[in-house]
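Q: Please find the sequence and the predicted model below.
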Amino acid sequence: MEIKPSGIRKFFDIAAEMDDVISLGVGEPDFQTPWHIRQAGIKSLQDGKTKYTSNRGIMELRKAVSDYMKEQISCEYDPATEVLISVGGSEAIDGAVRAIVGRGDEVLIVEPSFVCYEPIVKLAGGVPVIISTKAENEFRLTANELKSHITDRTKLLILPYPGNPTGAIMEQKDLEDIAEVLRETDIAVISDEIYSELTYTGQKHVSIASLDGMQERTVVINGFSKTYSMTGWRLGFACGPAPILQQMTKIHQFAIMSAPTTSQYAAIEALKNGRPDIEAMVEEYDMRRRLIVDGFNALGLDCFEPKGAFYAFPSIKSTGLSSEEFCERLLYSKKVAIVPGNAFGESGEGHVRASYCYSVNHIKEALHRIGEFLEEIKNEDKG
Amino acid sequence: MNIKLLKLLSKNARYTVHELSVMSGISEDEVVTEVSAMEKEGLIRGYKAVIDWERLDSAKVSAIIELKVEPQPDVGFEQIAEEVKKYSEVESVYLMSGGYDLCVIVKGKTFQEVAMFVAKQLAPMKYVVSTATHFILRRYKELDIELIGDAKDDREKISF
């Protein structure tokens, strides 16, 4: 089987070795994990909580996750059989795909999206079927796009909203359209909702699992990395129907045993007392989001309004360069690191991903340099 | 009054009108009107830079003075606070709960100068019962801004 090495690796390596790079390139928060959450992790070590936990995760944490899901997306999950604590959201995605997909099953992957879905599907013996979403639809998945990719071999749809790299979200009405199509089928859904807390419309994130007839076919993936700035703790979770979760637990049990114990104790504290931290971070992200979107638009790089996650995904088509050319030249010329849109699927071509997990001054400096770079290109064209 | 603008300005008073407008979602005209209204109302009292004086040779010293005061009929601590705040050496005055009454932050060129100011001006004031002077030796963080060390970004330069 062939798994493409991420084509972008070379570009990453160049950026990593360059000094004084101003990066807008990361996919993780700049905030530190809130101190009370770190303290809970430290305390668990002091108390000698240094052993394996139950395969599915500490019961207290699973209960807290179950309460959280009820509060956030109005879905009830039995902590005993319908919740699994995983090593980051990624492991839960991998486990869910393996549990659901058999050899030759087709899996619908919505792009541009996070880079792991396609390789994971291939490793599970599935056949990735890409659905390319469009900037003019704000990178939402439409019912027609979905319908036109369904065959009698379609087993699974992976829904990545709020989205990396686009910042797109699906609102209730958009999801209703998708649910209507799915109800006619036996297609399962993995809804990767890792950015669910980071939305900026004033409305709470809506999960497809909360719609009629959807919870019983949907595995919701979420985690602590983005919500509580806990990327390095490697902790996520999956909630879904007991039969699927049972299979996932088997895989998890043999591959992982149990998620890191220290992280699980910290996560209990996060779920219990972390709400004010989330609110403060969202407020800060929102401010930066407005700043960076305004900045790109002012530079003539069309940027649709990202309503979730922490990325802007401006179009660079006006420059006549490909995404990779743009990013490589920008890196060499102005030492600004951003990610070419095509790294997230062909439909990302013509765009670049800029993360706003950086201080306002850092973002301003990066935008300034990008502005200089655009001038440079313009002058070349004249010359 | 606009909380969003106040929060932004409390983080960085040097944001331009355009930046304030973009980040708060309020029009530029409104930003100008709101800010000047808040200045006039006295809600915004001033704008200052946070300076790490220790980097200069002509460093300044500051001390926190605990003042125990005998409260006066009718005016309580107000009158003495009014008098204390008149001195240009006094940077801040707070009424405190707990072990003492007024917290006074005093600045000067040298330890000697500050100590003498306390001995000659504050201690002898009418109704001041006692003073305790605590010199500030090092500033780690002031007004939310870290003064020691540069925060390092230990993330990878690019990640998905």
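A: The structure has been received and is ready for your questions.
Q: And the lengthiest helix in chain B, what does it pack against?
A: Across chain B, the helix with the greatest residue count (assigned by DSSP state H) is helix B:28-41. For helix B:28-41, the packing partners by 3 or more Cβ pairs under 8 Å, 6 or more residues apart in numbering or on different chains; DSSP states H and E come out as helix B:3-11, helix B:17-24. C-beta coordinates here come from the backbone N, C-alpha and C atoms, glycine included.
Q: what about the residue most central in space within chain A, which helix or strand?
A: Centroid check for chain A by Cα atoms, centre = their mean gives A:Asn164 as the closest residue, at 4.8 Å. Assigned by DSSP states H and E, A:Asn164 falls within no helix or strand.
Q: Read off the pLDDT value for the nearest residue to it once chain neighbours are set aside.
A: If you skip the residues right next to it in sequence, A:Asn164 has A:Phe114 as its closest partner in space, 5.0 Å away by Cβ to Cβ, 6 or more residues apart in numbering or on different chains. For A:Phe114, the pLDDT comes out at 95.
Q: just A:Lys4 next, same as before
A: We have a pLDDT of 66 for A:Lys4.
Q: Please name the residues that touch the nearest residue to B:Asp153 once chain neighbours are set aside.
A: The spatially closest residue to B:Asp153, leaving aside those adjacent along the chain, is A:Asp30, at 7.0 Å (Cβ to Cβ, 6+ apart). Neighbour list for A:Asp30: A:357-359, B:153, B:155 [criterion: Cβ atoms under 8 Å, 6 or more residues apart in numbering or on different chains].
Q: one more time with 10 Å
A: A:Asp30 makes contact with A:229, A:281, A:284-285, A:288, A:310, A:355-359, A:362, B:151, B:153, B:155 under the criterion Cβ atoms under 10 Å, 6 or more residues apart in numbering or on different chains.
Q: and chain B, what are its domains?
A: As recorded under automatic domain parsing, the domains making up chain B are B:3-41, B:53-142.
Q: Can you list the low-confidence ranges for the stretch 201-350 of chain A?
A: Counting by pLDDT under 70, the stretch 201-350 of chain A has no low-confidence residues at all.
Q: For it, what lies in contact range of chain B?
A: By the criterion of Cβ under 10 Å from any Cβ of the partner chain, the positions of the stretch 201-350 of chain A lying close to chain B are A:231-232, A:283-284, A:286-295, A:298, A:327, A:331, A:337-339, A:343-344.
Q: Now do the same contact list for residue 125.
A: I'll assume chain A. Contact partners of A:Gly125, counting by Cβ under 10 Å, 6+ apart, are A:1, A:97-98, A:101-105.
Q: my bad, chain B
A: Neighbouring residues of B:Met125 by Cβ under 10 Å, 6+ apart: B:67, B:69, B:80, B:83-84, B:131.
Q: now with 8 Å?
A: Going by Cβ under 8 Å, 6+ apart, the list of residues near B:Met125 reads B:80, B:83-84.
Q: what's it sitting at in phi/psi?
A: B:Met125 has phi and psi values of phi -60, psi 150 when expressed as degrees, to the nearest 10.
Q: Quick check: the residue of chain A nearest chain B.
A: Residue of chain A nearest chain B, by Cβ to the nearest Cβ: A:Gly25 (3.5 Å).
Q: what about B:Ser92, which helix or strand?
A: Per DSSP H and E: B:Ser92 is located in strand B:90-95.
Q: which residues does the closest residue to A:Leu141 other than its chain neighbours bridge with?
A: In space, and not counting its chain neighbours, A:Leu141 is closest to A:Val110: 5.2 Å by Cβ to Cβ, 6+ apart. Following DSSP bridges, A:Val110 is listed with bridge partners A:Ile131.
Q: With A:Val121 as the reference, measure out to A:Val110.
A: Using Cβ to Cβ, to the nearest Å, one obtains 12 Å as the distance from A:Val110 to A:Val121.
Q: what residues do those two have in common as contacts?
A: Both A:Val110 and A:Val121 are contacted by A:Ile158, under the criterion Cβ under 8 Å, 6+ apart.
Q: residues touching the closest residue to B:Tyr140 other than its chain neighbours, list them.
A: Among residues not flanking B:Tyr140 along the chain, B:Ile148 sits closest, at 5.1 Å (Cβ to Cβ, 6+ apart). Residues in contact with B:Ile148 (Cβ under 8 Å, 6+ apart) are B:138-141.
Q: could you dump the residues you listed to TSV with neighbour count?
A: Formatted as TSV, the entries for those read as follows, by neighbours: other Cβ atoms under 10 Å in any protein chain shown:
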residue	neighbour count
B:Arg138	7
B:Arg139	15
B:Tyr140	8
B:Lys141	10
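Q: would you turn those residues into JSON lines with pLDDT?
A: Supplementary listing: those in JSON lines, determined by pLDDT from 0 to 100:
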{"residue": "B:Arg138", "pLDDT": "90"}
{"residue": "B:Arg139", "pLDDT": "90"}
{"residue": "B:Tyr140", "pLDDT": "91"}
{"residue": "B:Lys141", "pLDDT": "91"}
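Q: correct me, but A:Glu376 touches A:Ser333?
A: Yes. Between A:Glu376 and A:Ser333 there is a contact under Cβ atoms under 8 Å: 6.3 Å.
Q: give the contact list for A:Phe310.
A: In this structure, A:Phe310 makes contact with A:29, A:167, A:195, A:198, A:226, A:285, A:288-289, A:355-357, judged by Cβ under 8 Å, 6+ apart.
Q: Counting neighbours, which of the residues you listed comes out on top?
A: Neighbours here mean other Cβ atoms under 10 Å in any protein chain shown. Within the contacts of A:Phe310, the largest count is held by A:Gly167, at 30 neighbours.
Q: quick check, it in a helix?
A: No. The assignment for A:Gly167 is coil, going by DSSP: H, G, I helix; E, B strand; the rest coil, so no helix is present there.
Q: The closest residue to it other than its chain neighbours: how many residues sit nearby?
A: If the residues on either side of it in the chain are set aside, A:Gly167 comes closest to A:Pro306, at 2.2 Å by Cβ to Cβ, 6+ apart. Each residue near A:Pro306 was counted by other Cβ under 10 Å, and the total is 27.
Q: do you know how far A:Pro306 is from A:Lys204?
A: Taken as Cβ to Cβ, the span from A:Pro306 to A:Lys204 is 17 Å.
Q: Surely the residue nearest to A:Asn164 touches A:Gly348?
A: No. Counting by Cβ under 8 Å, A:Phe114 stays clear of A:Gly348, with 11.2 Å between them.
Q: Okay, strands next: where are they in chain B?
A: When assigned using DSSP state E, the strands of chain B occupy the ranges B:61-69, B:90-95, B:102-108, B:128-135, B:141-142, B:145-146.
Q: In terms of secondary structure, what does the fifth one contact?
A: Read that as strand B:141-142. If you count contacts as 3+ Cβ pairs under 8 Å, 6+ apart, strand B:141-142 packs onto no helix or strand.
Q: Outside of it itself, which residues are in contact with it?
A: The set of residues external to strand B:141-142 that reach it, using Cβ under 8 Å, 6+ apart, is B:50, B:147-148.
Q: and if we set it to 10 Å?
A: B:50-52, B:147-148.
Q: Filter these down to the buried ones and express that as a ChimeraX selection.
A: In ChimeraX, this line selects whichever of the contacts of strand B:141-142 come out buried by 16 or more other Cβ atoms under 10 Å in any protein chain shown:
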select /B:147
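Q: Need the max-distance pair from the contacts of strand B:141-142.
A: Pairwise distances across the contacts of strand B:141-142 (Cβ to Cβ) peak at 14.0 Å, for the pair B:Ile51 and B:Ile148.
Q: Any residues of chain B in contact with chain A? List them.
A: Counting by Cβ under 10 Å from any Cβ, the residues of chain B near chain A are B:4, B:7-8, B:11-12, B:15, B:18-19, B:21-25, B:151, B:153-160.
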